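Peer 1: sharing a model that was predicted from the sequence below.
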Amino acid sequence: MNSKQIKYTVGQLSKLSNVSVRTLHFYDEKNLLKAKRDNNGYRFYSAYDAALLQQIIIYREMDMSLTDIAATINAGNFDLISALQKQRRLLIERRKTTNVMIKRIEVSIMMAKGEENFDVILKGLPQAKVDEWKSEIKHGENGEEVFEAYGKISNDEIHDYKHDADEWTQRYMEVTHLPVDDERVQAFMKEAYIMLNSMLYKTMDDFKGANYEFLKMTNTEGRKDTVVVDIYETYQKGMAKHYFDAMDYFAENSLKDNEENYIHLT
(Lines give C-alpha, C1' and ligand atoms only; values in the text may rest on other atoms or scores of the structure.)
Protein backbone atom coordinates (compact mmCIF):
# COMPACT_ATOMS: atom_id res chain seq x y z
CA MET A 1 0.00 0.00 0.00
CA ASN A 2 1.51 3.34 -1.02
CA SER A 3 1.24 6.56 0.94
CA LYS A 4 -1.61 7.87 -1.21
CA GLN A 5 -3.77 4.90 -0.16
CA ILE A 6 -3.11 5.24 3.58
CA LYS A 7 -6.20 6.23 5.50
CA TYR A 8 -6.47 7.36 9.11
CA THR A 9 -9.62 7.54 11.18
CA VAL A 10 -10.07 10.59 13.37
CA GLY A 11 -8.99 8.56 16.38
CA GLN A 12 -5.92 7.15 14.65
CA LEU A 13 -4.74 10.56 13.47
CA SER A 14 -5.34 11.94 16.96
CA LYS A 15 -3.03 9.34 18.50
CA LEU A 16 -0.47 9.64 15.72
CA SER A 17 -0.19 13.42 15.96
CA ASN A 18 -0.96 13.87 19.68
CA VAL A 19 -3.76 16.25 18.72
CA SER A 20 -7.13 15.77 20.39
CA VAL A 21 -10.16 14.55 18.44
CA ARG A 22 -11.94 17.72 19.51
CA THR A 23 -9.19 19.83 17.92
CA LEU A 24 -9.37 17.83 14.68
CA HIS A 25 -13.12 18.42 14.55
CA PHE A 26 -12.49 22.12 15.16
CA TYR A 27 -9.95 22.25 12.32
CA ASP A 28 -12.52 20.55 10.11
CA GLU A 29 -15.18 23.13 10.97
CA LYS A 30 -12.74 25.94 10.19
CA ASN A 31 -11.80 24.38 6.83
CA LEU A 32 -8.24 24.17 8.08
CA LEU A 33 -7.97 20.39 7.77
CA LYS A 34 -11.02 18.88 6.14
CA ALA A 35 -11.77 15.24 6.76
CA LYS A 36 -12.92 13.16 3.80
CA ARG A 37 -15.78 10.70 3.74
CA ASP A 38 -15.65 7.09 2.60
CA ASN A 39 -18.50 5.25 0.90
CA ASN A 40 -20.06 4.54 4.25
CA GLY A 41 -19.93 8.16 5.31
CA TYR A 42 -17.14 7.71 7.85
CA ARG A 43 -14.55 10.46 8.25
CA PHE A 44 -10.95 9.69 7.30
CA TYR A 45 -7.66 11.46 6.59
CA SER A 46 -5.01 10.71 3.99
CA ALA A 47 -1.24 10.57 4.42
CA TYR A 48 -1.12 14.06 2.87
CA ASP A 49 -3.57 15.27 5.53
CA ALA A 50 -1.34 13.81 8.26
CA ALA A 51 1.67 15.67 6.82
CA LEU A 52 -0.37 18.86 6.49
CA LEU A 53 -1.42 18.52 10.13
CA GLN A 54 2.22 18.47 11.14
CA GLN A 55 2.73 21.74 9.31
CA ILE A 56 -0.29 23.23 11.08
CA ILE A 57 1.12 22.10 14.43
CA ILE A 58 4.42 23.80 13.63
CA TYR A 59 2.67 27.02 12.64
CA ARG A 60 0.67 26.94 15.87
CA GLU A 61 3.88 26.51 17.89
CA MET A 62 5.13 29.61 16.09
CA ASP A 63 2.03 31.43 17.46
CA MET A 64 0.45 31.92 14.03
CA SER A 65 -3.28 32.52 14.17
CA LEU A 66 -5.65 29.98 12.62
CA THR A 67 -6.71 32.60 10.10
CA ASP A 68 -3.11 33.16 8.95
CA ILE A 69 -2.45 29.43 8.85
CA ALA A 70 -5.54 28.84 6.72
CA ALA A 71 -4.53 31.64 4.35
CA THR A 72 -1.04 30.15 4.03
CA ILE A 73 -1.91 26.51 3.41
CA ASN A 74 -4.89 27.34 1.18
CA ALA A 75 -2.90 29.69 -1.05
CA GLY A 76 -2.61 28.54 -4.61
CA ASN A 77 1.18 28.49 -4.52
CA PHE A 78 1.43 26.56 -1.23
CA ASP A 79 3.90 23.67 -1.51
CA LEU A 80 3.61 21.32 1.46
CA ILE A 81 6.90 19.52 0.82
CA SER A 82 8.86 22.75 0.52
CA ALA A 83 7.15 24.15 3.62
CA LEU A 84 7.97 21.06 5.64
CA GLN A 85 11.57 21.03 4.46
CA LYS A 86 11.95 24.66 5.43
CA GLN A 87 10.43 24.05 8.83
CA ARG A 88 12.70 21.04 9.29
CA ARG A 89 15.76 23.22 8.70
CA LEU A 90 14.47 25.84 11.11
CA LEU A 91 13.71 23.24 13.77
CA ILE A 92 17.18 21.71 13.42
CA GLU A 93 18.71 25.14 13.99
CA ARG A 94 16.38 25.70 16.91
CA ARG A 95 17.40 22.32 18.33
CA LYS A 96 21.06 23.31 18.16
CA THR A 97 20.32 26.53 20.00
CA THR A 98 18.15 24.70 22.53
CA ASN A 99 20.87 22.11 23.16
CA VAL A 100 23.37 24.87 23.85
CA MET A 101 20.93 26.50 26.29
CA ILE A 102 20.28 23.16 27.99
CA LYS A 103 24.02 22.60 28.36
CA ARG A 104 24.45 26.03 29.92
CA ILE A 105 21.62 25.35 32.34
CA GLU A 106 23.09 21.96 33.25
CA VAL A 107 26.45 23.58 33.95
CA SER A 108 24.77 26.26 36.06
CA ILE A 109 22.93 23.60 38.05
CA MET A 110 26.15 21.66 38.52
CA MET A 111 28.02 24.78 39.63
CA ALA A 112 25.29 25.71 42.13
CA LYS A 113 25.37 22.17 43.51
CA GLY A 114 29.16 22.39 43.58
CA GLU A 115 28.99 25.50 45.74
CA GLU A 116 26.67 23.69 48.13
CA ASN A 117 29.09 20.76 48.31
CA PHE A 118 31.98 23.16 48.88
CA ASP A 119 30.05 24.57 51.85
CA VAL A 120 29.54 21.06 53.20
CA ILE A 121 33.24 20.21 52.94
CA LEU A 122 34.28 23.36 54.79
CA LYS A 123 31.49 23.41 57.34
CA GLY A 124 32.89 24.34 60.72
CA LEU A 125 35.40 26.85 59.38
CA PRO A 126 34.65 30.60 59.61
CA GLN A 127 31.85 31.39 57.15
CA ALA A 128 33.49 34.68 56.20
CA LYS A 129 36.55 32.70 55.13
CA VAL A 130 34.44 30.20 53.17
CA ASP A 131 32.64 33.02 51.34
CA GLU A 132 35.98 34.64 50.59
CA TRP A 133 37.39 31.40 49.17
CA LYS A 134 34.31 30.82 47.03
CA SER A 135 34.51 34.32 45.64
CA GLU A 136 38.19 33.88 44.84
CA ILE A 137 37.53 30.58 43.07
CA LYS A 138 34.66 32.08 41.06
CA HIS A 139 36.88 34.85 39.77
CA GLY A 140 39.74 32.51 39.05
CA GLU A 141 40.68 31.14 35.65
CA ASN A 142 39.18 27.70 36.34
CA GLY A 143 36.40 28.69 38.70
CA GLU A 144 33.61 27.22 36.61
CA GLU A 145 35.41 23.89 36.27
CA VAL A 146 36.11 23.71 40.01
CA PHE A 147 32.51 24.12 41.11
CA GLU A 148 31.22 21.99 38.22
CA ALA A 149 33.51 19.20 39.41
CA TYR A 150 32.29 19.49 43.00
CA GLY A 151 28.73 19.35 41.66
CA LYS A 152 29.26 15.82 40.35
CA ILE A 153 29.42 14.47 43.90
CA SER A 154 26.14 13.17 45.30
CA ASN A 155 24.70 14.33 48.61
CA ASP A 156 25.52 11.05 50.34
CA GLU A 157 29.05 10.99 48.93
CA ILE A 158 29.86 14.57 49.94
CA HIS A 159 28.77 13.95 53.54
CA ASP A 160 30.78 10.74 53.67
CA TYR A 161 33.79 12.57 52.29
CA LYS A 162 33.28 15.39 54.81
CA HIS A 163 33.25 12.89 57.67
CA ASP A 164 36.39 11.10 56.46
CA ALA A 165 38.25 14.35 55.72
CA ASP A 166 37.43 15.87 59.11
CA GLU A 167 38.48 12.71 60.91
CA TRP A 168 41.74 12.54 58.93
CA THR A 169 42.49 16.24 59.49
CA GLN A 170 42.05 16.01 63.26
CA ARG A 171 44.43 13.06 63.46
CA TYR A 172 46.92 14.59 61.03
CA MET A 173 47.19 17.83 63.02
CA GLU A 174 48.59 15.76 65.89
CA VAL A 175 51.65 14.73 63.83
CA THR A 176 52.50 17.91 61.91
CA HIS A 177 55.31 18.57 64.35
CA LEU A 178 57.07 15.43 63.12
CA PRO A 179 59.50 15.31 60.16
CA VAL A 180 57.77 14.63 56.87
CA ASP A 181 59.68 11.36 56.43
CA ASP A 182 58.40 9.98 59.73
CA GLU A 183 56.52 6.74 59.11
CA ARG A 184 53.49 8.05 61.01
CA VAL A 185 53.32 11.12 58.76
CA GLN A 186 53.76 8.97 55.66
CA ALA A 187 50.92 6.73 56.78
CA PHE A 188 48.71 9.83 56.71
CA MET A 189 49.96 10.68 53.23
CA LYS A 190 48.94 7.24 52.00
CA GLU A 191 45.45 7.82 53.42
CA ALA A 192 45.32 11.28 51.84
CA TYR A 193 46.45 9.86 48.51
CA ILE A 194 43.63 7.29 48.58
CA MET A 195 41.05 9.97 49.42
CA LEU A 196 42.44 12.19 46.65
CA ASN A 197 42.08 9.40 44.12
CA SER A 198 38.53 8.68 45.28
CA MET A 199 37.52 12.31 44.95
CA LEU A 200 39.08 12.70 41.51
CA TYR A 201 37.39 9.55 40.23
CA LYS A 202 34.08 11.19 41.11
CA THR A 203 34.87 14.63 39.71
CA MET A 204 37.14 14.15 36.68
CA ASP A 205 36.06 12.52 33.44
CA ASP A 206 38.25 9.62 32.27
CA PHE A 207 40.43 9.83 35.38
CA LYS A 208 42.81 6.84 35.46
CA GLY A 209 44.43 7.42 38.82
CA ALA A 210 46.98 9.82 40.25
CA ASN A 211 50.34 8.60 38.98
CA TYR A 212 53.68 10.05 40.06
CA GLU A 213 53.69 12.90 37.53
CA PHE A 214 50.08 13.80 38.28
CA LEU A 215 50.65 13.90 42.03
CA LYS A 216 53.79 16.03 41.67
CA MET A 217 51.92 18.45 39.42
CA THR A 218 49.00 18.59 41.86
CA ASN A 219 51.36 19.37 44.73
CA THR A 220 53.12 22.09 42.74
CA GLU A 221 49.83 23.73 41.81
CA GLY A 222 48.51 23.32 45.35
CA ARG A 223 51.47 25.21 46.82
CA LYS A 224 50.65 28.15 44.53
CA ASP A 225 46.89 28.04 45.10
CA THR A 226 46.17 30.71 47.69
CA VAL A 227 42.75 29.22 48.53
CA VAL A 228 44.11 25.72 49.13
CA VAL A 229 46.99 27.05 51.23
CA ASP A 230 44.69 29.30 53.25
CA ILE A 231 42.31 26.41 53.96
CA TYR A 232 45.14 24.32 55.40
CA GLU A 233 46.49 27.30 57.35
CA THR A 234 43.04 27.98 58.78
CA TYR A 235 43.04 24.50 60.27
CA GLN A 236 46.57 24.83 61.63
CA LYS A 237 49.47 27.26 61.13
CA GLY A 238 52.18 25.67 59.01
CA MET A 239 49.98 22.78 57.96
CA ALA A 240 50.07 23.61 54.22
CA LYS A 241 53.86 23.43 53.90
CA HIS A 242 54.08 20.31 56.03
CA TYR A 243 51.38 18.58 53.97
CA PHE A 244 52.87 19.38 50.55
CA ASP A 245 56.40 18.54 51.71
CA ALA A 246 55.13 15.25 53.13
CA MET A 247 53.12 14.44 50.02
CA ASP A 248 56.11 15.21 47.80
CA TYR A 249 58.15 12.82 49.92
CA PHE A 250 55.43 10.19 49.49
CA ALA A 251 55.48 10.74 45.72
CA GLU A 252 59.25 10.39 45.49
CA ASN A 253 59.76 7.53 47.92
CA SER A 254 56.56 5.47 47.79
CA LEU A 255 54.60 6.19 44.62
CA LYS A 256 57.39 6.64 42.08
CA ASP A 257 58.12 3.41 40.16
CA ASN A 258 55.50 1.69 42.32
CA GLU A 259 52.25 3.22 41.05
CA GLU A 260 50.47 -0.07 40.34
CA ASN A 261 50.54 -0.92 44.04
CA TYR A 262 48.86 2.34 45.01
CA ILE A 263 46.48 3.47 42.27
CA HIS A 264 44.41 0.29 42.62
CA LEU A 265 43.74 1.13 46.27
CA THR A 266 41.12 3.66 45.15
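Peer 2: Perfect, I can see it now. Numbering: from 1, shown residues only.

Peer 1: outside of stretch 176-185 itself, list whatever touches it.
Peer 2: Val175, Gln186, Gln236, Gly238, Met239, His242, Tyr243, Asp245, Ala246, Tyr249, Asn253 (Cβ atoms under 8 Å, 6 or more residues apart in numbering). Any C-beta I mention is one placed from the backbone N, CA and C, and that applies to glycine too.

Peer 1: would you mark the buried spots in it?
Peer 2: Thr176, Val180, Val185 (16 or more other Cβ atoms under 10 Å).

Peer 1: ok so, going back, out of the contacts of stretch 176-185, which are buried?
Peer 2: Neighbour-count burial (16+ other Cβ under 10 Å) is assigned, among the contacts of stretch 176-185, to Val175, Gln186, Met239, His242, Tyr243, Asp245, Ala246, Tyr249.

Peer 1: filter these down to the ones in helices?
Peer 2: Gln186, Met239, His242, Tyr243, Asp245, Ala246, Tyr249 (DSSP state H).

Peer 1: looking at the residues you listed, which is nearest Ile69?
Peer 2: Nearest to Ile69 among those, counting by Cβ to Cβ, is Tyr243 at 69.0 Å.

Peer 1: is the residue lying closest to the closest one once chain neighbours are set aside in a helix, a strand, or coil?
Peer 2: Setting aside the residues directly before and after it, Tyr243 is nearest to Tyr232 in space (Cβ to Cβ, 6 or more residues apart in numbering), at 6.0 Å. Secondary structure assignment for Tyr232 (DSSP: H, G, I helix; E, B strand; the rest coil): helix.

Peer 1: report the separation between Tyr232 and Arg223.
Peer 2: 10 Å (Cβ to Cβ, to the nearest Å).

Peer 1: neighbour count for those two, which is higher?
Peer 2: Tyr232 (19 against 15; other Cβ atoms under 10 Å).
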